[in-house]
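S.K.: I would like to see how this sequence folds:
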Amino acid sequence: MGKAQKYVLLGDATYPLQDWILKPYQEDENLTQRQLQFNYRLKRAHSVIENAFLRLKARWQILLKCNDCSLELLPTLVLACCILHNVCEAHDNPFNEEWLEGTEPTELPKPCQPAPAAMEDNQAEQVRELMCQYFESCGEG
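M.R.: Next up is the predicted model:
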């Protein structure tokens, strides 16, 4: 689209729109087809991420349990599981679908109320609009 973009996190409607948090357009009858497509693609991307974390937790079930490691060590533990998962995938150690049986997708805690409009970043709408245009240019999928 001719404009470099930073990485963004995906959020839902309860999060404030920031240039680093993408959230869907508010669902109502006034949404354009392009905005509906953007919301659809954002939801699809979110489900891919949820599935990836579900598989990671199924392979490394230590991530499912409360453990006694310190909070400072926790990011290293998660990173180690990600690295080991990638090593297994690279060496054709297949994922066993039976591992998913004991793993239920969990909803992470999120804000109960939508963020106040004052928390929204006006520049962020430009980022969302660029992404919306990009999705439109990609066609269906």
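S.K.: Just give me the neighbour total for the nearest residue to residue 81 once chain neighbours are set aside.
M.R.: Leaving out its chain neighbours, the residue that sits closest to residue 81 by C-beta to C-beta, 6 or more residues apart in numbering is residue 60, at 4.0 Å. For every residue, glycine as well, the C-beta is placed using N, CA and C. As a burial measure, residue 60 scores 18 neighbours (other C-beta atoms under 10 Å).
S.K.: just residue 77 next, same as before
M.R.: Per other C-beta under 10 Å, the neighbour tally for residue 77 reads 15.
S.K.: Now it: which helix or strand?
M.R.: Taking DSSP states H and E as the criterion, residue 77 maps to helix 74-90.
S.K.: okay, the angle between the longest helix seen in the chain and helix 74-90?
M.R.: Counting by DSSP state H, the longest helix found in the chain is helix 33-59. If you take axes from the mean of the first three to the mean of the last three C-alpha atoms, to 10 degrees, helix 33-59 sits at 90 degrees to helix 74-90.
S.K.: So the most far-flung residue of the chain relative to its centre, which state does it fall into?
M.R.: Largest separation from the mean C-alpha position in the chain: residue 68, at 27.0 Å (C-alpha atoms, centre = their mean). Put simply, residue 68 is coil when judged by DSSP: H, G, I helix; E, B strand; the rest coil.
S.K.: quick one on the thing from earlier: gap between the longest helix of the chain and the chain center?
M.R.: The chain centre lies 6 Å from the centre of helix 33-59; the measure is C-alpha atoms, centre = their mean, to the nearest Å.
S.K.: try stretch 78-87
M.R.: 18 Å.
S.K.: Name the surrounding residues that touch that stretch.
M.R.: 55, 56, 59, 60, 62, 63 (C-beta atoms under 8 Å, 6 or more residues apart in numbering).
S.K.: Same check on stretch 55-64?
M.R.: 77, 78, 81, 82, 84, 85, 88, 95, 99, 100, 102, 103.
S.K.: Name the residues of the longest helix of the chain that are buried.
M.R.: 35, 37-39, 41-42, 53-59 (16 or more other C-beta atoms under 10 Å).
S.K.: for stretch 115-135, same thing?
M.R.: Quick answer for stretch 115-135 (16+ other C-beta under 10 Å): 115, 120, 124, 127, 128, 131, 132, 135.
S.K.: That concludes my questions; thank you for your assistance.
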